[in-house]
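> could you look at this predicted model? Sequence included:
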Amino acid sequence: MQQVVEGTRRVAAIQMASGPRIEGNQQEIRRLLQIAANGGAELAVLPENAMLMGMAETDKLAVRETDEGGPLQGFFAAEAARLGIWIIAGTIPMAGADPARARQSCLVFDAEGRRVARYDKIHLFDVDVEGDTAYRESNTLEPGNTVVTVDSPFGRIGLSVCYDLRFPEMYRLLIEHGADLLVVPSAFTAKTGEAHWRTLVRARAIENLCTVIAPNQGGYHVNGRETHGETMIVDSWGRILDSLSRGSGVVFGDIDIQRQRELRQHFPALDHRRFRVVEA
């Protein structure tokens, strides 16, 4: 594990209302990343579908990239290097085993622009929301099957995406893998977000004694969707450090992973567990 520098480190979560034009989304991402960097953030986390909220769910298939690289990955690598910050790029459509579907991949770039981690969303949103739309992510997305953590100067980061938030056993497994910090790039619907978003984010922080960075899409989208917003950063005691209700913007949090580790020693709930989560 990389050595964590003692003291507080500033992190940022970015909220957007992404549209179907990649170029327009890139302009907004670049603007918001600059705000994050100017505000002193050393890590910026974007929401799910930051680069593309298509008119149709199949739109993402046309821009899938491979691990060899591509223009979407190149954009984030260049921005990370330009700003000298770590970037968690929300999600990017990536190729998997199924040629008819994409992976919803959360990619991490270090401050030199190197891609250092890829997590493919495990839990897919196949639900009927009462009074709303039926969602079938599995029609165009192939699920991942591996939890991912990555070492950073801010501690070990556990990666997750949106609907994963409803599966606490996944976060327990990330803690078993040594996560100090959890990120949840999301695009929660307006209805489910109003009902559950804040409660779920705070619960994952409290039960795991772990800082959670939860950027969300927030607003009305050209394709007719409405997302909840309320991007937030929550500390390991469940306190909301900063939040943004709607629209584009950046929220900041000053985190101290050493103090968080001390909290876990003084309040050792994680050590008191009588059951352990194991990978399937």
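Noted; the coordinates are in hand. Numbering: from 1, shown residues only.
> from here on, just use CA atoms for contacts and neighbour counts.
Will do.
> torsion angles phi and psi at the most centrally placed residue in the chain?
Relative to the mean C-alpha position of the chain, the nearest C-alpha, by Cα atoms, centre = their mean, is the one of P185, at 2.4 Å. Summarising the backbone geometry of P185 under the convention degrees, to the nearest 10, its torsions are phi -60, psi 130.
> how near is the closest residue to it other than its chain neighbours to N145?
If you skip the residues right next to it in sequence, P185 has P47 as its closest partner in space, 4.2 Å away by Cα to Cα, 6 or more residues apart in numbering. When Cα to Cα, to the nearest Å is applied, the distance between P47 and N145 equals 21 Å.
> the more surrounded of these two?
Neighbours were tallied for P47 and for N145 using other Cα atoms under 10 Å; the higher tally belongs to P47 (32 against 13).
> tell me the pLDDT of the more buried one.
Here, the pLDDT recorded for P47 equals 98.
> which of the residues in the top helix by length along the chain are buried?
Longest helix in the chain, counting residues (DSSP state H): helix 22-38. Residues 22, 25-26, 28-29, 32-37 are the ones in helix 22-38 that count as buried (16 or more other Cα atoms under 10 Å).
> for the next helix or strand after that helix, which strands pair with it and how are they oriented?
Stepping forward along the backbone from helix 22-38, the first helix or strand reached (DSSP states H and E) is strand 43-45. According to DSSP bridges, strand 43-45 has the following sheet partners: strand 9-15 (parallel), strand 86-88 (parallel).
> next, the buried residues of strand 43-45.
The neighbour-count criterion (16+ other Cα under 10 Å) identifies 43-45 as the buried residues of strand 43-45.
> tell me the first helix or strand C-terminal of that strand.
Next along the chain from strand 43-45, counting by DSSP H and E, comes helix 71-83.
> report the rounded mean pLDDT for that next one.
Model confidence over helix 71-83 averages 98 on the pLDDT scale.
> also stretch 91-111?
With pLDDT averaged residue by residue, stretch 91-111 scores 98.
> compute the first-to-last residue distance for it.
Using Cα to Cα, the end-to-end distance of stretch 91-111 comes out at 18 Å.
> which of the residues in it are buried?
91-96, 101-111.
> next one: stretch 205-216
Buried residues in stretch 205-216, counting neighbours by 16+ other Cα under 10 Å, are found at 205-216.
> could you dump those residues into CSV with distance to E6, secondary structure and pLDDT added?
Supplementary listing: these in CSV, determined by distance: Cα to Cα, whole Å; DSSP: H, G, I helix; E, B strand; the rest coil; pLDDT from 0 to 100:
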residue, distance to E6, secondary structure, pLDDT
A205, 21, helix, 98
I206, 22, helix, 98
E207, 24, helix, 98
N208, 21, helix, 98
L209, 18, coil, 98
C210, 17, coil, 98
T211, 16, strand, 98
V212, 19, strand, 98
I213, 20, strand, 98
A214, 23, strand, 98
P215, 25, coil, 98
N216, 29, strand, 98
